[in-house]
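Student: below: sequence and its predicted model.
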Amino acid sequence: QTGGLTPQERRLASRPLRQGDWICEMCGDVQFGRNNQCRKCRHPNPAIQVIDVNKREDRGETTSAGSADAAEAPRKKKTKWDDEPTPAPSPFIPVGAHIKLQPGLTLRNGVAVPQGPDGQIRKISIPLAQKGSLIGRGGEIINAIRGESQADIRVKHEAGEEMAMISIKGTQQQVDHAVSLIEGRIKSVSDERGPPWESKVIEVPKECIGETIGHGGCNLQVMSDKSGCKVRFVKATEVNPEEPEGKQVCLIKGPPDKLLVAEMLVNERVAEVQQIHINKRLKSLQEQRELLEKAKAQGPAGLGAANVPCKFHMRKPGSCKNADQCWFSHDMNLIAAAKGEAGAGDEPPQALKENPDYKMTYCRFYDSGRCTRGKMCIFAHGIDELR
């Protein structure tokens, strides 16, 4: 009968509490065992223990609520009074409220747990970054802890959470032994890693990024192996949201004493790439000088059409295979005028103007922009030039 009961008392009497279910000590709301915090007031689950090995000095202290009392209290003979419902510890739950529990369970610190010392359940919360080191490759570390402690250990992580949850089930001795092994493993990994890693951002010129990375990231891998840091390129917006889109920067992560080595390796590689680019430009300029000298040595040519520039010579000076025997002109001034590189005040040669066909016909290539003769064209470029 629920007549005359408050809503809180009706919730407590509505269904039996299962193993792991708990009652919030702040607001008295009944919670499922999977809830890490109260749905109403966000109070944490009292069965969850957060391990922080860096702050714990006394390795022998009891880490879970009620476990010390269970270890020190002498075992009492079971009486009929033990079957009575256990009153809730919270001041928000009415004294004498009837709380239903499944058979074999008792309410301890607001959590439904198995009766007697033969059944214990404990939850431990660890940072997500330590989850991999606790599990080990292929689960070898966590399996070894399970075998040594003989406890049922399960590791779970919800997407978006910063902490991983470890559930431990077994006897009081098994659970305590498993907790000590887990704490020891996390402590040893923390000591091996040393001080926390720091990051360093290096800006690299855009034209040097590809050759700094290397084929398949081979250069970055070499720098990472030599320095002991992680060297990679990321979008600049990942480091600073105010950076422009498309910009990339070099991000170095590692121990503080090794960051300088990694930065030096990156700068050396960038300097090498810049020197390679300078050498390429110098080589290109030298090739252009050689081609111009070769073009001058070939002479003006123009055996048949002295006023028409050679198209091969226009594309690349000195590339005409006919040399002095070319039908078209190799004159550098004529080619410059045809490319539109002549000054605005330059005028065509007088011999060209004396040609009777000069500017008598409209150039059919002028309107489409395909005329390559420029001011040296014998045809009219526009109606104003027609005679």
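Tutor: Happy to help now that I have it. Numbering: from 1, shown residues only.

Student: buried sites along the helix of greatest length in the chain?
Tutor: The helix spanning the most residues in the chain, taking DSSP state H as the definition, is helix 259-298. Within helix 259-298, the residues that qualify as buried are Leu259, Val261, Ala262, Glu263, Leu265, Val266, Arg269, Val270, Val273, Ala295, Gln298, counting by 16 or more other CB atoms under 10 Å. The C-beta positions use only the backbone N, C-alpha and C, and glycine is treated the same way.

Student: what mean pLDDT does that helix get?
Tutor: Mean per-residue pLDDT for helix 259-298: 86.

Student: so Ala178 touches Ile142, yeah?
Tutor: No - when contacts are counted by CB atoms under 8 Å, Ala178 is not listed as touching Ile142 (10.1 Å).

Student: quickly list what's touching both of these two.
Tutor: Ile153 (CB atoms under 8 Å, 6 or more residues apart in numbering).

Student: which parts of stretch 374-384 are buried?
Tutor: Judged by neighbour count using 16+ other CB under 10 Å, the buried positions of stretch 374-384 are Gly374, Lys375, Met376, Cys377, Ile378, Phe379, Ala380, His381.

Student: ditto for stretch 242-251
Tutor: Taking 16+ other CB under 10 Å as the neighbour-count basis, stretch 242-251 is seen to contain the buried residues Gln248, Val249, Cys250, Leu251.

Student: residue contacts, Asn355?
Tutor: With contacts taken as CB under 8 Å, 6+ apart, Asn355 has the following neighbours: Ile378.

Student: show the average pLDDT along the next helix or strand after the longest helix of the chain.
Tutor: Using DSSP states H and E, the helix or strand that follows helix 259-298 towards the C-terminus is strand 305-309. Mean per-residue pLDDT for strand 305-309: 74.

Student: strand 305-309 pairs with which strands, and in what direction?
Tutor: Applying DSSP bridges, strand 305-309 is found paired with strand 328-329 (parallel).

Student: output the contacting helices and strands for the helix or strand just after the strand it pairs with.
Tutor: Moving toward the C-terminus from strand 328-329, the first helix or strand encountered (DSSP H and E) is helix 332-338. Identification of packing neighbours for helix 332-338 by 3 or more CB pairs under 8 Å, 6 or more residues apart in numbering; DSSP states H and E yields strand 305-309, helix 311-315.

Student: show me where the stretch 51-200 of the chain has strands.
Tutor: Listed in chain order, the strands of the stretch 51-200 of the chain (DSSP state E, counting those that start in this stretch) span 105-108, 111-114, 120-127, 152-156, 163-170, 198-202.

Student: what would those strands look like in TSV with distance to Val222?
Tutor: Rendered in TSV, the data for the strands of the stretch 51-200 of the chain read as follows (distance: least, CB to CB, whole Å):
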stretch	distance to Val222
strand 105-108	58
strand 111-114	54
strand 120-127	32
strand 152-156	36
strand 163-170	34
strand 198-202	16
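
Student: what's the closest of those to Asn322?
Tutor: Nearest to Asn322 among the strands of the stretch 51-200 of the chain is strand 198-202 (53.5 Å), distances taken as CB to CB.

Student: what's the mean pLDDT across the closest one?
Tutor: When pLDDT is averaged along strand 198-202, the result is 91.

Student: isn't Gly254 right up against Asp225?
Tutor: No - taking CB under 8 Å as the contact criterion, Gly254 and Asp225 are not neighbours in contact, 11.9 Å apart.

Student: neighbour count: these two, which is higher?
Tutor: Residue environment comparison for Gly254 versus Asp225 gives the larger neighbour count to Gly254, 20 against 10, counting by other CB atoms under 10 Å.

Student: distance check, that one against Lys187.
Tutor: For Gly254, the distance to Lys187 (CB to CB, to the nearest Å) stands at 22 Å.

Student: then Asn355?
Tutor: Spatial separation of Asn355 from Lys187 under the definition CB to CB is 97 Å.

Student: what's the neighbour count on the residue lying closest to Gln31 once chain neighbours are set aside?
Tutor: Leaving out its chain neighbours, the residue that sits closest to Gln31 by CB to CB, 6 or more residues apart in numbering is Trp22, at 5.3 Å. The criterion is other CB under 10 Å. On that basis, Trp22 has 24 neighbouring residues.
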